[in-house]
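Asker: got a sequence here, can you build the structure:
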Amino acid sequence: MMAFLSNIRSAGLPLVLAAALGLVPTVGCGDDTEPPATDSGVDSTTTPPPPPPGSEPLATCIGPVDAIMDLAVGATVEVSAKVEAPNGVESVTIGGTAVTPDAEGIVKLDYAVQWGVNNVAIEVTDTFGQVGHGVCSFLTSEGWLADGEWLDGSVTTHLDLLAIDDEDPADELDSLNDLIRDVLEGGLLAAALDRQYSRPDVDIKACPSTCDATVPFTGQCVKTEVEYLSVAMGAGATVGAITASRLIPQDGYLQYVATAQDVTLPIRLISCSDSDVALDEVGTVTITEVTIDQNVRLELDTAEAMLVARPDMVNDVVVGTVTADFPDSDPALASLIEAAVADSISGTDGAAVRAAIGGYLMNEVVTVLDELLSTFDVRTLGAGFGMPGIDGSTPTSFDFGSHYVSVDVSVTGIVFGLGTQYLADGLAPPAGDLGTPMTPTPVVADASTVAGASHLVSDKVTNLLLHSHWGAGGFTGIVGPSMIVGPSMIVGPSMIVGPSMIVGPSMIVGPSMISADVGLPPTAHGMGEGQVGVSWGGVELALDGAGAFANLGVRMGATTVATIDAASGDDPGFGDIAVTDLAFTTDRPLSEAERTEVGQWLVVFSWWLTSYSLNEGGPALPLPSFETNAALATYGVEVGLELGTVNGTLHHTESHVAVTGAFGQRP
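Answerer: Okay, the predicted model is just below:
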């Protein structure tokens with residue numbers, strides 16, 4: 001029985017509340033049996049004398065107090081405290097471990113640290129069963145990010161096979177290949193052919209060394225050259241439908257295979273100087289279809305910190321039937337001339353022309369991808385945003401930036417890596433601050449394991465924001481009591497606290513004045529299963545109000561667990577917040593009933609701190625997307641279409657927030 005009571009005390013649950021909740025068996029209720037007499041003849045139910053007034057034991061943390069230390073998980077730090085018990089010490093624990101005070105009342109323990117905020121409770125119990133409470137709070141991490149530094153690799157975006165090419169040209173714009181096909185079909189390919197063949201150094205057909213044709217019966221030698229009639233001349237190339245378009249990721253590059261129908265070039269046929277027959281005819285060359293198979297590489301231009309598409313190689317160019325038409329030519333020569341011109345493209349001597357057409361097409365595919373990559377940016381956050389402080393005052397202003405750090409193409413898709421930077425105005429961290437504590441999990445994760453068009457955002461981003469907001473004073477101020485509103489039920493340490501149960505006209509529900517100063521930057525870490533842990537330490541509260549809250553100083557630390565709302569989208573919401581650990585001490589002794597009352601309110605306050613920092617203070621996730629620009633709009637694509645993850649669902653892993661959805665037009 002005594003061991004059970006000891007466990008209840010060590011959990012921070014007053015015996016009065018524990019008995020009320022049925023956790024401690026009552027004695028003598030409904031039992032009329034006379035208690036046995038002791039050997040001394042004194043009734044064992046005799047009420048023991050109360051402890052002398054003002055004799056409550058005290059536990060005061062010596063150190064570490066709000067220290068920030070560079071320590072790995074599992075390393076030990078000496079936690080020390082001074083205990084005082086006018087009625088004599090019955091027991092002392094540090095972090096639940098029994099310790100023995102020395103002659104001066106000093107207790108020490110080598111404490112194995114965890115990552116982030118550590119709150120170590122000190123409890124001293126005197127011979128009357130009175131308990132004094134203290135708490136040592138400190139922050140430890142093995143890795144740190146200096147203020148203002150880039151957090152490279154903090155965002156990873158993966159486009160899977162469907163996001164790259166859904167193989168459905170008839171549906172909406174929901175893959176990269178859809179956009180390439182639409183732009184090529186919208187006139188880019190025709191414009192490319194016009195641009196290339198308009199160059200004076202490029203010929204469709206030059207004067208040959210041998211006859212193009214010999215006129216029957218006369219034996220006259222016909223030699224011709226073909227000039228392209230450009231848009232500037234009132235003509236210009238035309239291209240029919242892109243009937244096949246495939247964008248296939250391979251290891252290290254993208255393979256693009258496309259077929260363009262009815263490529264028509266307006267031409268002028270001119271006889272060469274040594275031709276026996278003078279000709280000057282206007283006509284067309286039509287290629288029923290052109291199929292191009294080419295490779296394109298995506299690279300990171302480190303000098304410019306930009307993603308670029310570069311032509312790699314043309315694997316093959318296949319042309320269909322080539323026909324030439326000169327409607328105004330001499331019928332006797334027309335078939336000879338038309339056959340000669342067609343052969344100059346489809347025949348053995350036309351390899352250079354075919355390769356040129358393939359090269360033009362490859363360059364334009366590269367142009368489309370290059371334009372698209374140039375727009376790949378974080379749009380869920382602007383260049384600046386604000387995070388409100390806990391006192392509801394003017395928000396802390398942040399400047400946001402992002403840049404590319406990697407791109408990788410494989411048979412599973414494309415993975416982009418980005419770095420992020422958050423600069424808080426008015427950032428003034430105290431002396432001894434080491435920067436943002438970095439969780440021990442890797443910053444970069446394998447996004448290719450997440451299906452769809454997906455993103456992984458490191459939980460280090462959350463810590464960066466929390467630390468910057470703390471350093472700018474966002475967690476210091478006077479909090480209006482009306483702001484501290486919790487749900488109808490909160491899971492608290494060793495108990496379930498229902499605010500609706502403790503709020504009543506005749507009951508004290510909380511202080512009327514709250515001044516808060518969070519001494520340590522809050523820390524957050526992924527726990528898997530959609531949950532994130534947020535810890536608070538060194539929280540100094542100056543409270544005032546009726547009853548237990550009258551002119552009361554509180555020092556507290558708390559650990560909370562929140563669950564991400566899978567449907568909350570780019571601006572994640574967190575709910576089901578549980579307070580898993582609470583340690584606090586006060587600047588004056590409290591009765592068990594008063595400590596219970598204050599403790600219940602602190603559970604609600606801890607819930608609110610976490611909810612406010614994640615839901616009210618936290619900005620949208622830094623998720624990149626593409627956007628169609630004016631260069632692409634020239635070819636019939638609407639300007640300003642944002643392409644990225646749609647209908648995304650959220651999940652919190654042990655190291656990242658994962659956003660998974662389809663690829664398409666974002667609202």
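Asker: which residues of the protein fall in helices?
Answerer: Using DSSP state H, the helices of the chain run over residues 2-10, 15-20, 161-164, 176-183, 189-197, 331-346, 351-374, 459-471, 499-502, 592-611, 630-633.
Asker: turn the ones you listed into a markdown table, columns for distance to G480 and mean neighbour count.
Answerer: Bear in mind the C-beta positions are built from the backbone N, C-alpha and C, glycine included. Listed next are these as a markdown table, based on distance: least, Cβ to Cβ, whole Å; neighbours: other Cβ atoms under 10 Å:
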| stretch | distance to G480 | mean neighbour count |
| --- | --- | --- |
| helix 2-10 | 34 | 14 |
| helix 15-20 | 28 | 16 |
| helix 161-164 | 47 | 20 |
| helix 176-183 | 50 | 23 |
| helix 189-197 | 63 | 21 |
| helix 331-346 | 80 | 18 |
| helix 351-374 | 47 | 20 |
| helix 459-471 | 19 | 24 |
| helix 499-502 | 17 | 15 |
| helix 592-611 | 11 | 22 |
| helix 630-633 | 49 | 17 |
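Asker: of these, which is nearest V131?
Answerer: V131 lies closest, by Cβ to Cβ, to one member of the helices of the chain: helix 2-10, at 6.2 Å.
Asker: pLDDT on the closest one, on average?
Answerer: Averaging pLDDT along helix 2-10 gives 35.
Asker: cool, stretch 301-310 as well?
Answerer: 83.
Asker: do stretch 459-469 as well
Answerer: pLDDT averaged over stretch 459-469 gives 91.
Asker: go on, stretch 547-554?
Answerer: Mean pLDDT, computed over stretch 547-554, is 95.
Asker: what pairs with the closest residue to E529 other than its chain neighbours across the strands?
Answerer: Nearest residue to E529, sequence neighbours excluded (Cβ to Cβ, 6 or more residues apart in numbering): H652, at 7.8 Å. With DSSP bridges as the criterion, H652 is bridged to V657.
Asker: distance of H652 from D194?
Answerer: 53 Å (Cβ to Cβ, to the nearest Å).
Asker: check E167 too.
Answerer: 30 Å.
Asker: for T100, which of the helices of the chain is the nearest?
Answerer: Of all the helices of the chain, helix 2-10 comes closest under Cβ to Cβ, at 16.1 Å.
Asker: all strands for the stretch 301-450 of the chain, in order.
Answerer: 306-319, 322-325, 377-378, 384-387, 396-410, 413-424, 436-438 (DSSP state E, counting those that start in this stretch).
Asker: okay, now the nearest residue to T127 once chain neighbours are set aside: neighbour count?
Answerer: Nearest residue to T127, sequence neighbours excluded (Cβ to Cβ, 6+ apart): G88, at 4.5 Å. Using other Cβ atoms under 10 Å, G88 has 9 neighbouring residues.
Asker: check contacts around the residue nearest to R181 when sequence neighbours are not counted.
Answerer: Excluding its sequence neighbours, the residue lying closest to R181 (Cβ to Cβ, 6+ apart) is S245, at 4.1 Å. Each residue near S245 by Cβ atoms under 8 Å, 6 or more residues apart in numbering is listed here: 169, 177, 180-181, 184, 256-259.
Asker: G219: which of these is nearest?
Answerer: After measuring the contacts of S245 against G219 - Cβ to Cβ - the closest member comes out as T259, at 42.0 Å.
Asker: model confidence for the nearest residue to the closest one once chain neighbours are set aside, exactly?
Answerer: Residue nearest to T259 in three dimensions, not counting chain neighbours: A244, with 4.0 Å by Cβ to Cβ, 6+ apart. Looking at A244, its pLDDT is 87.
Asker: any idea how far L361 is from A244?
Answerer: Note on A244: its distance to L361, by Cβ to Cβ, is 13 Å.
Asker: and if you look at E338?
Answerer: Counting by Cβ to Cβ, the gap from E338 to L361 is 25 Å.
Asker: returning to that earlier point: most tightly packed of the strands of the stretch 301-450 of the chain?
Answerer: Mean neighbour count (mean count of other Cβ atoms under 10 Å) peaks for strand 436-438 among those, with a mean of 25.
Asker: next, count neighbours for V65.
Answerer: Residues lying near V65 (other Cβ under 10 Å) number 14.
Asker: now do the contacts for it.
Answerer: Contacts for V65 (Cβ under 8 Å, 6+ apart) come out as 136-138, 538.
Asker: so, low pLDDT: which residues of the stretch 201-350 of the chain?
Answerer: 349 (pLDDT under 70).
Asker: tell me, what residue is most central in this protein?
Answerer: V457 (2.6 Å; Cα atoms, centre = their mean).
Asker: tell me the contacts of that one?
Answerer: 154-155, 621-623, 656-657, 659.
Asker: and if we set it to 7 Å?
Answerer: Residues near V457 by Cβ atoms under 7 Å, 6 or more residues apart in numbering: 154-155, 621-622, 656-657.
Asker: one more: V534?
Answerer: By Cβ under 7 Å, 6+ apart, V534 lies in contact with 522, 524, 560, 562, 610, 613-614.
Asker: quick check, P249 in contact with V407.
Answerer: No - when contacts are counted by Cβ atoms under 7 Å, P249 is not listed as touching V407 (11.7 Å).
Asker: identify the contacts common to the two.
Answerer: In contact with both P249 and V407: I414, using Cβ under 7 Å, 6+ apart.
Asker: dump the strands of the stretch 301-450 of the chain into TSV; add distance to G648 as well.
Answerer: Putting the strands of the stretch 301-450 of the chain into TSV (distance: least, Cβ to Cβ, whole Å) gives the following:
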stretch	distance to G648
strand 306-319	22
strand 322-325	49
strand 377-378	15
strand 384-387	20
strand 396-410	18
strand 413-424	16
strand 436-438	26
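Asker: to D126, which of those strands lies closest?
Answerer: The nearest among the strands of the stretch 301-450 of the chain, by Cβ to Cβ, is strand 436-438 at 37.8 Å.
Asker: give me the number of residues near Y253?
Answerer: Y253, neighbours per other Cβ under 10 Å, totals 19.
Asker: OK, contacts around the nearest residue to L614 once chain neighbours are set aside?
Answerer: Among residues not flanking L614 along the chain, F574 sits closest, at 4.5 Å (Cβ to Cβ, 6+ apart). Counting by Cβ under 7 Å, 6+ apart, F574 touches 562-565, 614-615.
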